[in-house]
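Colleague: I'll drop the sequence and a predicted model, then ask my questions.
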Amino acid sequence: MPTITVIQVDGSKKDIEAEEGWSLMEILRDVPFEDIEGACGGSMACATCHMYVHPDWADKVAAQDGEKTDEEEDMLDLAFDLNDYSRLGCQIRMSKELDGLVVALPGAKVDW
């Protein structure tokens, strides 16, 4: 089973197993991580699954799930602490190609 490394707000890292085919929002919400709410259930009608994708993984995520759409950009405009690597977790599907993916929760102090 693929794994994801999640950098939490306090800087600690947590490795979690990730079900293939599930969105990152579903995976992190069910762990649970308090910072990933997924209030709209993945319909891209909120920004409560906002997270940062590590720069080393940004191209791989985009190759698999596509670049950010205008709709995703509009929803991200509602989120706090945006950066160039901000994505909505509901728009990224876990696959074996993303095994080892590194993401950070909003508010985490990262140098990317």
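Modeller: Happy to help now that I have it.
Colleague: my guess is Val61 is in a helix, correct?
Modeller: Yes: with DSSP: H, G, I helix; E, B strand; the rest coil as the criterion, Val61 is assigned to a helix.
Colleague: The residue nearest in space to the middle of the chain: what's it in contact with?
Modeller: In the chain, the C-alpha nearest the mean C-alpha coordinate belongs to Gly89, at 3.7 Å (C-alpha atoms, centre = their mean). Gly89 makes contact with 23-25, 27-28, 36, 38, 49-51, 103 under the criterion C-beta atoms under 8 Å, 6 or more residues apart in numbering. To be clear about C-beta, it is placed using only N, CA and C from the backbone, and glycine gets the same treatment.
Colleague: again with Cys90
Modeller: With contacts defined as C-beta under 8 Å, 6+ apart, Cys90 is in contact with 23-26, 38, 40, 42-44, 49.
Colleague: now do 6 Å
Modeller: Contacts of Cys90 were listed using C-beta atoms under 6 Å, 6 or more residues apart in numbering, and they are 23, 25, 42, 49.
Colleague: Top of those by number of neighbours, please.
Modeller: By neighbour count, taken as other C-beta atoms under 10 Å, the most surrounded of the contacts of Cys90 turns out to be Cys49 (30 neighbours).
Colleague: so that one sits right up against Gln91, yeah?
Modeller: No: using C-beta atoms under 6 Å as the test, Cys49 is too far from Gln91 to be in contact (8.5 Å).
Colleague: Keep only those of the contacts of Gly89 that are in helices.
Modeller: In helices, defined here by DSSP state H, the members of the contacts of Gly89 are 24-25, 27-28.
Colleague: between these, which is nearest Ala18?
Modeller: Lowest distance from Ala18 to these (C-beta to C-beta) belongs to Ile27, with 4.9 Å.
Colleague: can you pull the pLDDT of the closest one?
Modeller: Confidence at Ile27, expressed as pLDDT, is 96.
Colleague: returning to that earlier point: for the ones in helices among the contacts of Gly89, give me a markdown table that also has distance to Leu76.
Modeller: What follows is the ones in helices among the contacts of Gly89, written out as a markdown table (distance: C-beta to C-beta, whole Å):
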| residue | distance to Leu76 |
| --- | --- |
| Leu24 | 14 |
| Met25 | 13 |
| Ile27 | 19 |
| Leu28 | 17 |
